[in-house]
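Enquirer: need coordinates for the below:
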Amino acid sequence: MKQVWISAAGGPQRLQVREAPDVQPRTGQVRIRVRASGVNFADILARQGLYADAPRLPAVVGYEVSGTVDAIGPQADAAWMGQEVFALTRFGGYADTVVVPETQVFAKPAALSFEAAAAIPVNYLTAWQLLIVMGALKPDETVLIHNAGGGVGLAAIDIARHVGATIYGTASARKHAFLQQRGLHAAIDYTTGDWTGELDRLTQGRGVELVIDPLGGSEWKKSYRALRHTGRLGVFGASMMTESRLPGPLKLLRVGMGMPWFNPVALMNRNRAVFGVNLGHLWHEVPKIGAWMKALVEGVDAGWVRPHVDRTFPLAQAGDAHAYMEARKNIGKIVLVT
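Expert: As a prediction, this is how the structure comes out:
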């Protein structure tokens, strides 16, 4: 089998293809011959040595794959054999073969390609948790989606559109037309200045009921101030870390120094809420993840879940895929194919 390893913390050149013996499924596991692997921003942070949850380097990262089951471990359901599936992986997804617990495996909808199926698990489950489970978005409410052109951003647009909410999003100007076709009611160009003034104009000074923010640092302060009374701020990343020119872990300084501190009394007095989402800390919540995924697969069948793959890269070109994402060129998902 082939795997892409992060040899050491550093740039995209640290990603290297290595051969290894085929893995064998253990009790309750299935083996998947991978056709496509999703690339996520957490993978980039892991490569840079900035992701605390990542395995110690050198390591193989990757949270999601799609492919065909070709081996079944003891006590796993034999009905999986030969099925086309997509799955969550607790790292190891940058490979042409993986083994995963069958509780993290889902039947691939026939309407989806392997590439599109690999674009669902991390992005859509994260967006579902942000908007539906914890954000409690309602049809008469307004949501602001930061980084609306990213994988989670597009997933959030699909979900908010299904709910019937008013959707605003921040993105560079070249992405605006596509995002509005996907369902964004108004796009805000964050590259030309402070986005808060345009949001204030759009909401006539009222603010929004929900903001989802993967940026981190001082941007969380702005997002909190953009909330209407009864508003909720959902944070799920700190992508600003990668923009710092400081070396190694010092990149954390910019985010940490600008990060707000939320006082419970102030939250009560302002009738606002702040919550965090990290899908990688929910491996033990198997029934919840299964229920969320069931709703999303039903959304695929109904046509409102529409995973969009911006570009695919061969597994051996994972470094190019990372560079493409870091340059913020993608609209939607980047996928590695075997």
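
Enquirer: which strands or helices does the helix or strand containing H176 pack on?
Expert: According to DSSP states H and E, H176 maps onto helix 176-182. Other elements packing on helix 176-182 under the criterion 3 or more Cβ pairs under 8 Å, 6 or more residues apart in numbering; DSSP states H and E are helix 151-163, strand 186-188. From N, CA and C alone the C-beta is placed, and that goes for glycine too.

Enquirer: in that helix, what counts as buried?
Expert: Neighbour counts over helix 176-182 (16 or more other Cβ atoms under 10 Å) mark 176, 178-179, 182 as buried.

Enquirer: just to revisit the earlier point, and the helices and strands packed on helix 176-182: which comes nearest M325?
Expert: When the helices and strands packed on helix 176-182 are compared by Cβ to Cβ, helix 151-163 sits nearest M325, at 9.3 Å.

Enquirer: which parts of the stretch 51-200 of the chain are strands?
Expert: Under the criterion DSSP state E, counting those that start in this stretch, strands of the stretch 51-200 of the chain are mapped to 64-72, 84-88, 97-101, 105-107, 142-145, 166-170, 186-188.

Enquirer: quick one: the longest one to chain centroid distance?
Expert: For strand 64-72, the gap between its own C-alpha mean and the chain's C-alpha mean amounts to 21 Å (Cα atoms, centre = their mean, to the nearest Å).

Enquirer: cool, the second one as well?
Expert: Here strand 84-88 shows a centroid-to-chain-centroid distance of 16 Å under the convention Cα atoms, centre = their mean.

Enquirer: given it, what are its sheet partners and their directions?
Expert: Using DSSP bridges, strand 84-88 pairs in its sheet with strand 64-72 (antiparallel), strand 105-107 (antiparallel).

Enquirer: single out the most deeply packed of the ones you listed.
Expert: Compared across those, strand 64-72 shows the largest average neighbour count, a mean of 23 (mean count of other Cβ atoms under 10 Å).

Enquirer: for the strands of the stretch 51-200 of the chain, which one sits closest to Q16?
Expert: strand 97-101 (17.3 Å).

Enquirer: quick one, that closest one and strand 84-88 angle?
Expert: Interaxial angle of strand 97-101 relative to strand 84-88 (axes from the mean of the first three to the mean of the last three Cα atoms, to 10 degrees): 70 degrees.

Enquirer: mind giving me the packing neighbours of strand 97-101?
Expert: With contacts taken as 3+ Cβ pairs under 8 Å, 6+ apart, strand 97-101 sits against strand 29-39, strand 84-88.

Enquirer: from the contact counts, what lies against the helix or strand following the first one?
Expert: Beyond strand 29-39 on the C-terminal side, the first helix or strand identified by DSSP H and E is helix 41-47. Identification of packing neighbours for helix 41-47 by 3+ Cβ pairs under 8 Å, 6+ apart yields helix 318-326.
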